[in-house]
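Colleague: One predicted model, sequence on top.
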Number of protein chains: 4
Amino acid sequence: MAVAEPESPTRRRAPRVDAIRNREAIIEAAAEVLAEQGTAVDVREIARRGGVGMGTLYRHFPKKEDLIHTVLRKDFSEWAESARQAAVDAEDPWAALTDFYEQALTGCVHHRAMMEKFALTWADPDLDGLQRLRVVIEELCARATAAELLRPGVTADDLLLLLVSLGHAVQLTDECRPQLWRRSLRISLDGLRADQGEPLPADTAPDSGSRSLRH
Amino acid sequence: MAVAEPESPTRRRAPRVDAIRNREAIIEAAAEVLAEQGTAVDVREIARRGGVGMGTLYRHFPKKEDLIHTVLRKDFSEWAESARQAAVDAEDPWAALTDFYEQALTGCVHHRAMMEKFALTWADPDLDGLQRLRVVIEELCARATAAELLRPGVTADDLLLLLVSLGHAVQLTDECRPQLWRRSLRISLDGLRADQGEPLPADTAPDSGSRSLRH
Amino acid sequence: MAVAEPESPTRRRAPRVDAIRNREAIIEAAAEVLAEQGTAVDVREIARRGGVGMGTLYRHFPKKEDLIHTVLRKDFSEWAESARQAAVDAEDPWAALTDFYEQALTGCVHHRAMMEKFALTWADPDLDGLQRLRVVIEELCARATAAELLRPGVTADDLLLLLVSLGHAVQLTDECRPQLWRRSLRISLDGLRADQGEPLPADTAPDSGSRSLRH
Amino acid sequence: MAVAEPESPTRRRAPRVDAIRNREAIIEAAAEVLAEQGTAVDVREIARRGGVGMGTLYRHFPKKEDLIHTVLRKDFSEWAESARQAAVDAEDPWAALTDFYEQALTGCVHHRAMMEKFALTWADPDLDGLQRLRVVIEELCARATAAELLRPGVTADDLLLLLVSLGHAVQLTDECRPQLWRRSLRISLDGLRADQGEPLPADTAPDSGSRSLRH
DNA sequence: CATGAATGAGCATTCATTCAT
DNA sequence: CATGAATGAATGCTCATTCAT
């Protein structure tokens, strides 16, 4: 157990502890700052709050983008998980959907960078934190469709896009009308119900039923 | 009536032709660039594209903000007007609402700066281009409500927030899934119909029917 | 009165009237502005106040410096003249000196550019407005010396330098201690009196009687 | 006493050596440039002469003003100190006064920015380098007054204003008549002697007697 | 391997001077 | 000959990234 003498031949293990500690400190600080100020923050601010030097930060994350990516992967995962849990706890497939959105939207209010990134990459399966969210949504979609609660033809993409749209709305209204988004959510969810008459338009061909306009 | 012969003794207005041409060139260039890159563009890029020097640009618009404001006021106005016209041309109040959104959302796809500003100021009546949009929406809301087509309790704010949300969605999906937003629009509009059962939650007290969650 | 047909053979006279009027307007405006803000003013401000275009201004004065020079020559002349008059009106040579400084210092309070230029060119005989001032001072110096009122060895340069120094002091104290300079003036004038004991040090050789120090 | 071996276990202070070296280089460069060109210099010029990048300069001094302030505080202090020392070394209170001015005026010849600032803030006790100067002058004034060498009613403000005025004169004459200011100094000092007849005018009401007042 | 100082291209804005109308 | 719009180099300042210690 007397391992880790500084000059032992197998000296590869000791420094890792600090490195990991630092890495976590950076990630935590970055998460805070990115949530507050979005991706436009000064990298110095992250280093400062994490209590590390710029060099350390850049050793772990050679580009600002890398750090953001790492942090957001984590945040997306936690976000997805909390929303998934809310869905799991629900009594029926429809309540699952409702509670999922409630939880997800409530949870994204104060996370500017996450929604920024979500907006830019919602269709991009590479950001794997995002991928988890998509999986959750696909399950919800399948369950509700199977129970014939969801309007026919609704896809996971529809639900994902709804999440981005409302997520945006949530952030916009947070300061001036903090509850307004719940009305939007209700409206959209009602529009997603099985009892809605007409089928949804396809998103590849702008034909049936939708007048395409100008510009 | 015999006024304004080009060579009348008071011909003082002549030199402005060029200036106006330049002003328009700047505005046009700015509109393009702002649409493409948002408000973060380098002022030099605008000057370059407008074919003018920095000084010229700053003569017409003493602050970057002034130029942006001018361009966006114009763009908001045109945007609002085209959407209003679509509504006016519609056969009935519901089609008016539908066509308004169709037109508005189609028209905002390629205008990053406009949606940026819209997001930041949707509740702020100061940007008067925006004000026009609100007026249009208020009329539409009143008409549809009067015709009992709109779900009771729906306000202009709900419709405005829907517009911002979907406008965001439209921009996000423009490159990868250019028609996807039409489905979101249909969903939301269906959710706005009068035949939806429950009343909408108030946006001031988070009580009846809506489980409030965490954070 | 049907003179001045554009194409008449002797078309040289008519425009001159306007040109002169403009020139004067520019000079007057420049005098005001230069007095208020010093030589750092924006040329546009001068054109604006003079009611002329930039082109006109630059036609009359190809460089900002030319305009300043012209204006200050005039202002120096008037300044010199008013001070000279005060001296002329005085009862005796000493009062002439005193009144000269009183008048000159009172008259330079609100003329920033003039004192700026005076500071830079007090020894330069080229600025001929300044030259007039020097002539006045030389006369005063000669008169007071002849009357044996002035300390032996005092030169016009001494008096001129005193004027620059006190002019500077006058402007510095104008807002906070508007009368303080009068005390400085009295002190210096008393120091110039004939009854002062020792001779003044020569300004070419830093030797006799003056401990030269450092640097 | 055995502290501070270079390689002591707590060697955390090392990297600052360079930073300090740079800071000093910046200050030195700034001092030079400010002395030569006044406060209007381009910050880039300072960075260039200091052999550092813009970022380095701005890391040490977040605003141009900060750098100027730092440099001038130092320069004012040194200036005040050297003048004070000259006064201390003098044999009697009057020589102290004389030597003080000699030293101060000799020391300000090549420092444009310092005199610029002195002119603007001579009455403002905030710039604490300046404050030191005032203290020195107050002492000198008190000593000479106590010894009845100084004309009754002379205040520290009079002496300070004399310093600004002559400081200005010194700079003006530096190139063309480098010794001329000594004559002005002699004149003014003689005017400050106790044997001058009349009392000085008050600086608030231009009447009789000399109540010294100020601010 | 950590530190935080250094770098320098990039940005919004100003102003003396020129030139098309 | 007047006008005032156009020009563009220059300025104070920021921030992602690199590098000496």
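Modeller: Nice, thanks for sending it over.

Colleague: What residues sit buried inside stretch A:144-163?
Modeller: Under the neighbour-count criterion of 16 or more other Cβ atoms under 10 Å in any protein chain shown, stretch A:144-163 has A:144-145, A:149-151, A:154-163 buried. In this view, the C-beta of every residue, glycine as well, is placed from N, C-alpha and C.

Colleague: Which residue ranges of chain A form helices?
Modeller: For chain A, helices defined by DSSP state H occupy the ranges A:14-37, A:43-50, A:54-60, A:64-88, A:93-108, A:112-121, A:128-146, A:156-173, A:180-191.

Colleague: is DNA strand E contacted by the longest one?
Modeller: Going back to what we said before, that points to helix A:64-88. No. Using Cβ under 7 Å from any atom of the strand, we find that helix A:64-88 stays clear of DNA strand E, coming within 12.9 Å at best.

Colleague: Tell me which other helices or strands that helix touches.
Modeller: Packed against helix A:64-88 by the contact rule (3 or more Cβ pairs under 8 Å, 6 or more residues apart in numbering or on different chains; DSSP states H and E) you find helix A:14-37, helix A:43-50, helix A:93-108, helix A:112-121, helix A:128-146.

Colleague: got the contact list for the one residue in chain A that gets nearest to chain B?
Modeller: In chain A, no residue comes nearer to chain B than A:Gly191, which is 3.1 Å away by Cβ to the nearest Cβ. Shown in contact with A:Gly191 (Cβ atoms under 8 Å, 6 or more residues apart in numbering or on different chains): A:Arg151, B:Arg186, B:Ile187, B:Ser188, B:Leu189, B:Asp190, B:Gly191, B:Leu192.

Colleague: what's near enough to touch the second one?
Modeller: In this case it means B:Arg186. A:Gly191, A:Glu198, A:Leu200, A:Pro201, A:Ser210.

Colleague: Let me have those residues in TSV, extended by pLDDT and distance to B:Ala96.
Modeller: Listed next are the contacts of B:Arg186 as TSV, based on pLDDT from 0 to 100; distance: Cβ to Cβ, whole Å:
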residue	pLDDT	distance to B:Ala96
A:Gly191	96	19
A:Glu198	83	18
A:Leu200	90	21
A:Pro201	90	19
A:Ser210	40	16
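
Colleague: from those, which is closest to DNA strand E?
Modeller: Nearest to DNA strand E, judged by Cβ to the nearest atom of the strand, of those is A:Ser210 at 39.1 Å.

Colleague: The helix or strand of chain A with the lowest mean pLDDT near chain B anywhere?
Modeller: In chain A, no helix or strand scores lower on mean pLDDT, DSSP states H and E than helix A:14-37, which sits at a mean of 88. No. Shown here: helix A:14-37 not in contact with chain B (Cβ under 8 Å from any Cβ of the partner chain), separated by at least 11.1 Å.

Colleague: anything in that helix near chain D?
Modeller: No. Against chain D, helix A:14-37 shows no contacts by Cβ under 8 Å from any Cβ, the least distance being 15.6 Å.

Colleague: Give the buried residues for that helix.
Modeller: When burial is assessed from 16+ other Cβ under 10 Å, helix A:14-37 yields the following buried residues: A:Asn22, A:Arg23, A:Ala25, A:Ile26, A:Ile27, A:Ala29, A:Ala30, A:Ala31, A:Val33, A:Leu34, A:Ala35.

Colleague: Just want the angle from it to helix A:93-108.
Modeller: 100 degrees (axes from the mean of the first three to the mean of the last three Cα atoms, to 10 degrees).

Colleague: does helix A:14-37 come close to DNA strand F?
Modeller: No. Helix A:14-37 does not reach DNA strand F (Cβ under 7 Å from any atom of the strand); its nearest approach is 10.4 Å.

Colleague: before we move on, the earlier item: what two of the buried residues of stretch A:144-163 have the greatest distance between them?
Modeller: A:Leu149 and A:Leu161 (19.3 Å; Cβ to Cβ).

Colleague: what's the domain layout of chain A?
Modeller: Here the domain parsing of chain A from automatic domain parsing is A:16-62, A:67-198.

Colleague: Is the longest one positioned near DNA strand F?
Modeller: Just to be clear, that refers to domain A:67-198. No. Domain A:67-198 does not reach DNA strand F (Cβ under 7 Å from any atom of the strand); its nearest approach is 8.6 Å.

Colleague: who are the neighbours in contact with the residue nearest the centre of chain A?
Modeller: Note on chain A: the residue nearest the mean C-alpha position is A:Phe76, at 3.8 Å, using Cα atoms, centre = their mean. Contacts for A:Phe76 (Cβ under 8 Å, 6+ apart) come out as A:Met114, A:Phe118, A:Leu127, A:Gly129, A:Leu130, A:Arg132, A:Leu133.

Colleague: Need the residues you listed in JSON lines (columns: distance to A:His60).
Modeller: Output for the contacts of A:Phe76, formatted as JSON lines (distance: Cβ to Cβ, whole Å):
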{"residue": "A:Met114", "distance to A:His60": "20"}
{"residue": "A:Phe118", "distance to A:His60": "24"}
{"residue": "A:Leu127", "distance to A:His60": "19"}
{"residue": "A:Gly129", "distance to A:His60": "18"}
{"residue": "A:Leu130", "distance to A:His60": "22"}
{"residue": "A:Arg132", "distance to A:His60": "23"}
{"residue": "A:Leu133", "distance to A:His60": "25"}
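
Colleague: so which of these would you say is closest to C:His69?
Modeller: Using Cβ to Cβ, A:Met114 comes nearest to C:His69 of those, at 64.6 Å.

Colleague: How about the closest one: what's its closest non-neighbour residue?
Modeller: When the adjacent residues along the chain are set aside, A:Met114 lies closest to A:Asp75, with 5.2 Å between them (Cβ to Cβ, 6 or more residues apart in numbering or on different chains).

Colleague: swap in A:Leu127?
Modeller: Excluding the flanking residues, the one nearest A:Leu127 by Cβ to Cβ, 6+ apart is A:Thr121, at 5.1 Å.

Colleague: The one you found contacts A:Asp128, doesn't it?
Modeller: No. Here A:Thr121 lies out of contact with A:Asp128, judged by Cβ atoms under 8 Å, at a distance of 10.8 Å.

Colleague: more neighbours, these two?
Modeller: A:Thr121 (17 against 12; other Cβ atoms under 10 Å in any protein chain shown).

Colleague: Let me see the confidence value for A:Met114.
Modeller: A:Met114 is assigned 95 on the pLDDT scale.

Colleague: That one: neighbouring residues, count only.
Modeller: A:Met114 has 26 neighbours, counted by other Cβ under 10 Å.

Colleague: show me the contacts for it.
Modeller: Shown in contact with A:Met114 (Cβ under 8 Å, 6+ apart): A:Leu34, A:Ala35, A:Leu72, A:Asp75, A:Phe76, A:Trp79, A:Cys108.

Colleague: Quick check: the residue of chain A nearest DNA strand E.
Modeller: Nearest residue of chain A to DNA strand E, counting by Cβ to the nearest atom of the strand: A:Gly55, 1.8 Å away.

Colleague: My read is that A:Glu81 contacts A:Leu133, right?
Modeller: No. Between A:Glu81 and A:Leu133 there is no contact under Cβ under 8 Å: 9.3 Å.

Colleague: For chain D, what's its nearest residue on chain A.
Modeller: Taking Cβ to the nearest Cβ, chain A has A:Gly53 as its residue nearest chain D, at 10.0 Å.

Colleague: Could you pull up the residues touching that residue?
Modeller: Contacts of A:Gly53 (Cβ under 8 Å, 6+ apart): A:Ala47.

Colleague: Distance of it relative to chain C?
Modeller: 44 Å (Cβ to the nearest Cβ, to the nearest Å).

Colleague: any idea of the pLDDT on that residue?
Modeller: Looking at A:Gly53, its pLDDT stands at 93.

Colleague: quick one: contacts for the residue nearest to A:Thr155 when sequence neighbours are not counted?
Modeller: Excluding the flanking residues, the one nearest A:Thr155 by Cβ to Cβ, 6+ apart is A:Cys141, at 6.8 Å. The contact partners of A:Cys141, taken as Cβ under 8 Å, 6+ apart, are A:Leu150, A:Val154, A:Thr155, A:Ala156, A:Leu159.
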